[in-house]
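Asker: Structure for this input, please:
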Amino acid sequence: MPDMQKSPDTRNIAIDKVGVKDIRYPIVVLDKSKVRQHTVARINMYVDLPHHFKGTHMSRFIEILNQYHGEISIESLDTILLEMKERLEASCSHLELEFPYFIEKEAPASRAKGLMEYQCRMVGTLGEKTDFILGVTVPVTSLCPCSREISARGAHNQRSAIHVQIRYRGHVWLEDLINWIESCGSAPVYSLLKREDEKAVTEQAYDNPMFVEDMVRAVTEQLRSRPEILWFRVECENFESIHNHSAYAEVERNNVEGCG
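Answerer: Modelled structure (predicted):
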């Protein structure tokens, strides 16, 4: 049968990324306490396309996923990226995964346990070199220092989202990365709280007021102190409870001595 994808294209325009997007697929993630955690990811797979080819073979992306069924994990990303390059005759391949990761978390006073969900992201690129970025979004509570200072009673607080991306060497546990980030808010967020826990969390936040700028700087200090982290981007967004806008701050740094 004719291979239309390999037929020539005369427009002389190479394509940076072409492939398949938003595939839902089971993956395996290393779990610090339970060894392995099974979850479902949304996956994007792309390669570059030389100017002289009309198209790429979309079915081959799915064939590669199926080939690694049950073995798709962070440790196998390099192998999958290489397979994409070779099977699709590309010079660069890209693989993106977004998935929920669950950690059992104890309430601060009652010690009631519940599963807390964190959204994670992994992005791998294989060209002449391999590049890998790990990302996570951690919800926290933030309490406004200004509101506490000027108010006779109470202070406004809100849920905040801290988005962190890192490049690193060796291995970084998701649980550790989440703990480092979570410690930088006014108080953590929990899936299950009894009345005594609500009291404890409310008072913790009141005693630890944070602007969005404070939180992004606190996370920066945490990541700077970790020699395994080579680069990071920190974004913090406060979903303000009394303002009709979100507050936002961002820091991006190289974490190698002499940079950033």
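
Asker: now the closest residue to residue 169 other than its chain neighbours: how far from residue 173?
Answerer: Take residue 169 and drop its neighbours on the chain: the residue closest to it by CB to CB, 6 or more residues apart in numbering is residue 228, 5.6 Å away. C-betas here are computed from N, CA, C, even on glycine. Distance check for residue 228 against residue 173: by CB to CB, to the nearest Å, it reads 11 Å.

Asker: Check the gap between the residue nearest to residue 169 and residue 127 for me.
Answerer: On the measure of CB to CB, residue 228 and residue 127 end up 24 Å apart.

Asker: pLDDT score assigned to the nearest residue to residue 230 once chain neighbours are set aside?
Answerer: Excluding the flanking residues, the one nearest residue 230 by CB to CB, 6+ apart is residue 167, at 4.7 Å. We have a pLDDT of 97 for residue 167.

Asker: OK, contacts around residue 167?
Answerer: 131-134, 229-232 (CB atoms under 8 Å, 6 or more residues apart in numbering).

Asker: Pretty sure residue 64 sits against residue 85.
Answerer: No: with contacts counted by CB atoms under 8 Å, residue 64 stays clear of residue 85, the gap being 10.5 Å.

Asker: Those two - which one has more neighbours?
Answerer: residue 64 (21 against 17; other CB atoms under 10 Å).

Asker: Distance of that one relative to residue 98?
Answerer: 18 Å.

Asker: hang on, residue 62 is in a strand, isn't it?
Answerer: No: counting by DSSP: H, G, I helix; E, B strand; the rest coil, one finds residue 62 to be helix, located in no strand.

Asker: Can you name the residues that contact it?
Answerer: 20, 23 are the contacts of residue 62 under CB under 8 Å, 6+ apart.

Asker: Pull up the gap between it and residue 123, please.
Answerer: Counting by CB to CB - residue 62 and residue 123 are separated by 20 Å.

Asker: Also residue 49?
Answerer: Counting by CB to CB - residue 49 and residue 123 are separated by 20 Å.

Asker: more neighbours, the two?
Answerer: residue 49 (23 against 17).

Asker: Show me what the more buried one bridges to in the sheet.
Answerer: residue 15 (DSSP bridges).

Asker: again with the one 4 residues further on
Answerer: In this structure, residue 53 bridges to residue 8 when assessed by DSSP bridges.

Asker: That one: neighbouring residues, count only.
Answerer: Neighbours around residue 53, by other CB under 10 Å: 18.

Asker: residue ranges for the strands of the stretch 1-150 of the chain, please.
Answerer: Remark: strands assigned in the stretch 1-150 of the chain by DSSP state E, counting those that start in this stretch are 15-31, 35-49, 93-106, 113-126, 130-143.
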